[in-house]
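Engineer: turn this into a model:
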Amino acid sequence: VQLQASGGGLVQPGGSLRLSCAASGVGLDYYVVGWFRQAPGKERERISCIADDTTYYEDPVKGRFTISRDNAKNTVYLQMNNLRPEDTAVYYCNAAETVAPFRNYWGQGTLVTVSS
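Structural biologist: Just a heads-up that it's a prediction; the model follows:
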């Protein structure tokens, strides 16, 4: 089982990026998939998650980020618009199974740097 996060990079303030979290070896149908980020010197924090068609966003990203999923591609996306320097972090995806045995998987992280 593997989660592959990709799409990070360097972007100017106000710019956009789309992160992808592609799963292999497991179907995401019965998982809550979340995006987390960890800025330098800070703890990892959850910023968004999706379960079926229900989405959730933390206040710092609400209105700027959009999470979505493509079950056919077994992939979850995070569209990030109007990026700010404080969004700079390593972004991780996580899949948490909603039924027994409640397995939990992490992707390897992708770096997003917002700077002029």
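Engineer: what about the strands in this structure?
Structural biologist: Using DSSP state E, the strands of the chain run over 2-6, 9-11, 17-24, 31-38, 45-51, 54-57, 65-70, 75-80, 89-97, 104-106, 110-114.
Engineer: would you mind putting the CA coordinates of the fifth one into PDB?
Structural biologist: Presented in PDB, the C-alpha positions along strand 45-51 are these (Å, rounded to 0.1, in the frame of the first residue of the first chain):
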ATOM      1  CA  GLU A  45      -1.500  20.100  11.300                       C
ATOM      2  CA  ARG A  46      -4.500  18.900   9.400                       C
ATOM      3  CA  ILE A  47      -5.800  21.400   6.900                       C
ATOM      4  CA  SER A  48      -8.500  19.600   5.000                       C
ATOM      5  CA  CYS A  49     -10.200  16.200   4.600                       C
ATOM      6  CA  ILE A  50     -12.800  14.500   2.500                       C
ATOM      7  CA  ALA A  51     -15.100  11.600   3.300                       C
END
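Engineer: now do that strand against strand 65-70, angle only.
Structural biologist: Interaxial angle, strand 45-51 versus strand 65-70 (axes from the mean of the first three to the mean of the last three C-alpha atoms, to 10 degrees): 40 degrees.
Engineer: partners of the residue nearest to the spatial centre of the chain in the sheet?
Structural biologist: In the chain, the centroid-proximal residue (C-alpha atoms, centre = their mean) is residue 35; its distance is 2.8 Å. On the basis of DSSP bridges, residue 35 is bridged to residue 48, residue 93.
Engineer: same question, residue 80
Structural biologist: With DSSP bridges as the rule, residue 80 is bridged to residue 17, residue 65.
Engineer: isn't it right up against residue 20?
Structural biologist: No - using C-beta atoms under 8 Å, residue 80 is not in contact with residue 20; the gap is 11.7 Å. Quick note: C-beta positions are derived from backbone N, CA and C, even for glycine.
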